[in-house]
Each structure stands twice: as C-alpha cells, then as structure tokens.
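Participant: No sequence on hand, only this structure:
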Ligand SMILES: [Zn+2]
C-alpha cells in the first residue's frame with residue numbers, strides 16, 4: 001500500500017514545519033517558501049501569534065497552514081528555563097481545556113480552526129510517577145494530527161498514529177543531511193516532517209535553519225525528478241487518514 005499512498009507516483013511525502021511563531025519565520029522563512037511556491041506549516045503559540053496576527057493571516061492566505069502549539073508551551077520542569085506550568089504538574093483534563101481554548105483563540109484570530117497540533121518540546125506526557133499519563137488521546141480527540149519532535153523514525157503512511165506523527169529536526173542540520181533523510185524515507189515510501197524554529201542568516205545560533213538551506217531544500221523537493229510530495233502537515237495527514245480508512249474497509 002505504501003507504494004500508492006502519495007499522489008502522482010510520488011515516492012515520499014515531506015512537510016516543512018516551524019514552531020513557536022517566531023518573528024524570523026515571518027520575516028525570512030515565509031518569503032523563502034513563497035519564492036518557490038512551497039507551503040509550510042507553522043505551529044503558533046497564541047500570544048506570539050496575536051502580536052503579528054495580520055502577517056500570519058497573510059501567510060495563511062498564501063496557503064501556509066497555521067497549527068496549534070498550545071497557550072503555555074508546557075514542557076518538563078527539568079528544562080531549567082521552564083519553571084511555570086510544567087507537564088509534571090498537569091492533568092489530561094487541564095491540557096484538554098488549554099488546547100481547546102487555544103483552538104478557540106486561534107479561530108477567533110484567523111477564522112479557521114487549527115487542524116493539527118505540535119507537542120511543545122515534543123513531549124506527550126502529563127503527571128509523574130504512577131499518575132503519569134499520555135496526552136496523545138487528548139490530541140487524538142480534537143485534531144487531525146499531532147506532530148512530535150526529535151523522533152527516530154519517519155512515518156509509515158499505512159501505520160502511523162496520526163495523533164503522534166514523528167518529527168525530524170531541521171535546525172542546524174546541513175543541506176546534505178536533510179536530503180539524506182528524504183532519500184532514506186523515499187526508499188520506503190514514508191513521510192518526513194521536518195521541524196525548525198528560527199530562519200536566520202546566522203547559522204551559529206541555536207535552533208536555526210538558514211534561508212539559503214531552506215531555499216535549496218524547497219528547490220530539491222519541488223524538482224519533479226526527486227519524486228517528493230511537498231505539502232503541509234494537514235494535507236498529508238488527510239491523505240494518510242483516507243488511505244488508512246480505505247485499507248480497513
Ligand atoms: Zn515550541
């Protein structure tokens with residue numbers, strides 16, 4: 001089945017995703033994508049999205065996807081920069097309430113409800129010890145897909161749990177290594193979701209992909225010779241969902 005999931009005989013699906021609604025994504029990332037006609041997925045924290053709502057609205061009008069990245073960006077309290085609202089102190093109920101509120105606020109801002117979610121820090125748990133639970137079921141109830149981070153696999157379309165799609169780091173990764181990810185996934189008909197943060201000229205900064213690398217990556221993916229289906233997370237996830245449903249019938 002994996003041979004036939006992607007349209008037009010494509011061998012691999014690639015999504016370019018960016019987290020945290022950083023200014024550099026609007027100022028450098030979106031123009032690079034637009035120059036080649038590539039569509040990206042941007043996971044927005046509501047507060048940051050609000051600060052530049054008109055620019056995000058313009059990005060959505062160009063065909064980019066705006067997704068949910070929660071209200072509080074809660075991660076483990078073991079990250080020393082992260083002291084408030086840590087996941088160890090959350091419950092599934094509190095997370096559900098937060099994600100629905102974020103959906104509502106993003107819908108108010110942009111008119112459309114987010115269809116996909118990105119786990120802050122790629123972490124999917126709430127609570128600690130014997131009370132620790134996954135909040136993947138919460139994401140499964142309310143989103144077409146939930147995207148992880150720093151996962152050690154590419155997604156198999158016939159198998160992947162859309163509520164926990166694997167994400168592959170793009171920040172600071174040289175062009176050749178990004179292409180190697182895509183080629184490895186193409187050998188098995190898989191889906192690579194690349195994850196970036198800032199888009200800046202200064203590649204020495206942490207969590208950064210350069211406009212040059214991003215532009216070359218788009219060029220590679222849009223060259224028909226490479227058999228890449230470059231689409232947003234929601235568009236690929238919708239196709240995967242349909243394919244999985246058809247295979248059950
Ligand atoms: Zn984030």
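Facilitator: Okay, I see it. Keep in mind it's a predicted model, so treat the numbers as computed, not measured.
Participant: Could you pull out the helices in the protein for me?
Facilitator: 23-24, 30-36, 46-51, 53-61, 92-110, 136-142, 175-186, 211-222, 233-248 (DSSP state H).
Participant: Stretch 96-114 near the ion at all?
Facilitator: No. Interface with the ion: stretch 96-114 contributes nothing (Cβ under 5 Å from the ion), its closest point being 12.8 Å away. All C-beta spots, glycine's among them, are computed from the backbone N, C-alpha and C.
Participant: Okay, buried residues for that stretch please.
Facilitator: Going by neighbour count (16 or more other Cβ atoms under 10 Å), the buried part of stretch 96-114 is 96, 98-99, 102-103, 105-106, 109-110, 114.
Participant: got a list of contacts for that stretch?
Facilitator: 44, 46, 49-50, 53, 56-57, 60, 66-72, 74, 117, 135, 138-139, 141-143 (Cβ atoms under 8 Å, 6 or more residues apart in numbering).
Participant: just to revisit the earlier point, minimum distance to residue 161: which of the helices of the chain has it?
Facilitator: Closest to residue 161 of those is helix 136-142 (Cβ to Cβ; 7.5 Å).
Participant: Would you mark the buried spots in that closest one?
Facilitator: 136, 138-140, 142.
Participant: now swap in stretch 40-56 and tell me
Facilitator: 40-46, 48-49, 52, 55-56.
Participant: Can you check the pLDDT for whichever residue of the chain sits closest to the ion?
Facilitator: Nearest residue of the chain to the ion: residue 19, at 3.9 Å (Cβ to the ion). For residue 19, the model assigns a pLDDT of 98.
Participant: now for the top strand by length along the chain, which elements pack on it?
Facilitator: Longest strand of the chain, by residue count under DSSP state E: strand 12-19. On a contact count with 3 or more Cβ pairs under 8 Å, 6 or more residues apart in numbering; DSSP states H and E, strand 12-19 meets strand 41-44, helix 175-186, strand 191-196, helix 211-222, strand 228-230, helix 233-248.
Participant: Out of the ones you listed, flag the one nearest residue 149.
Facilitator: Comparing these by Cβ to Cβ, strand 191-196 comes nearest, at 5.3 Å.
Participant: how about the buried residues of helix 136-142 in TSV, adding pLDDT?
Facilitator: Listed next are these as TSV, based on pLDDT from 0 to 100:
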residue	pLDDT
136	98
138	98
139	98
140	98
142	98
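Participant: Now render these as a markdown table, adding distance to the ion.
Facilitator: Output for these, formatted as a markdown table (distance: Cβ to the ion, whole Å):
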| residue | distance to the ion |
| --- | --- |
| 136 | 17 |
| 138 | 17 |
| 139 | 15 |
| 140 | 20 |
| 142 | 18 |
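Participant: which of those sit farthest apart?
Facilitator: 136 and 142 (11.4 Å).
Participant: For burial, what's the neighbour tally of residue 241?
Facilitator: 14 (other Cβ atoms under 10 Å).
Participant: okay but it is in contact with residue 140, surely?
Facilitator: No. If you go by Cβ atoms under 8 Å, residue 241 and residue 140 don't touch, sitting 11.7 Å apart.
Participant: Residue 20: neighbour count?
Facilitator: Neighbours around residue 20, by other Cβ under 10 Å: 19.
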